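Colleague: Please find the sequence and the predicted model below.
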Amino acid sequence: METQTVANLIRELIGKMGMTFDDLAVSEVAGHTIFTIITKDSGALIGARGETLHALNHVVKKILEDEGTDELFRFVVDVNGYHAKHIKSLEAQALMLAERARTFKYDIEMSPMSPYDRLIVHTVLQGATDIATESQGEGMVRHIVIKYTGASHAESPLGAAPL
């Protein structure tokens, strides 16, 4: 699939939303194409907790899927680097919570998050020592539990021997 086709679709959808933007930059990161919308009105395109941006990504992918392309084309629509900042924030949070689980030797439950955000956390912690991740819950309350898997897992949170 051509990046120009996706870029034109994004431009058309934003126009139909009644919004304007300054530029649409295209870049490649880890096998994914990132379409970054550059605009002064980023809040309207991102929405609360990224919901509008997530919906825009979903709509663009569904339209392209309905056009019947069999070609695997991984891409993300971003606004002013919001998506990249969000990923870095999730990575930092996952690493910090994993270190906390390792230090205090107990499992930590994260807040509910989207399937894509859970994938990021699972990926970041995939090779972590003494740590495993597991998704729990259903629907809107599905979240990740960062599990301490070390040998002394039965110890209390403060490291003292259990009574």
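Modeller: Sure, I can see it.
Colleague: going forward, measure contacts between C-alpha atoms and count neighbours the same way
Modeller: Will do.
Colleague: so who does the residue nearest to I146 when sequence neighbours are not counted touch?
Modeller: If the residues on either side of it in the chain are set aside, I146 comes closest to T133, at 4.7 Å by CA to CA, 6 or more residues apart in numbering. By CA atoms under 8 Å, 6 or more residues apart in numbering, the contact set of T133 is H122, L125, Q126, I144, V145, I146, K147.
Colleague: can you tell me how far T133 sits from S42?
Modeller: 33 Å (CA to CA, to the nearest Å).
Colleague: Surely P112 and M140 touch.
Modeller: Yes - judged on CA atoms under 8 Å, P112 makes contact with M140 at a distance of 6.8 Å.
Colleague: So in the protein, which helix runs the longest?
Modeller: helix 82-104 (DSSP state H).
Colleague: contacting residues around it?
Modeller: 46, 78, 107-108, 117, 120-121, 124-125, 130-131, 146-148, 150, 157-159.
Colleague: Over to stretch 60-68?
Modeller: V6, L9, I10.
Colleague: okay, that stretch in CSV with CA atoms only?
Modeller: What follows is stretch 60-68, C-alpha atoms only, in CSV (Å, rounded to 0.1, in the frame of the first residue of the first chain):
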residue,chain,number,x,y,z
VAL,A,60,-8.5,5.0,8.7
LYS,A,61,-7.6,1.4,9.2
LYS,A,62,-11.2,0.2,8.7
ILE,A,63,-11.6,2.2,5.5
LEU,A,64,-8.4,0.7,4.1
GLU,A,65,-9.4,-2.7,5.2
ASP,A,66,-12.8,-2.4,3.5
GLU,A,67,-11.0,-1.4,0.3
GLY,A,68,-9.8,-5.0,0.2
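Colleague: Okay, and the most centrally placed residue in the chain sits in which element?
Modeller: The centre of the chain sits closest to D117, judged by CA atoms, centre = their mean, with a distance of 3.3 Å. Per DSSP states H and E, D117 falls inside helix 115-124.
Colleague: Quick one: mean pLDDT for that helix?
Modeller: Averaged over helix 115-124, pLDDT sits at 89.
Colleague: Over to stretch 33-44?
Modeller: 90.
Colleague: Could you pull out the buried residues of that stretch?
Modeller: Across stretch 33-44, burial judged by 16 or more other CA atoms under 10 Å covers T33, I34, F35, T36, I37, I38, T39, S42.
Colleague: Where do the strands of the protein begin and end?
Modeller: Secondary structure of the chain (DSSP state E): strands located at 23-29, 32-38, 75-79, 108-109, 131-136, 143-148.
Colleague: ranking the contacts of T133 by neighbours, who comes first?
Modeller: I146 (26 neighbours; other CA atoms under 10 Å).
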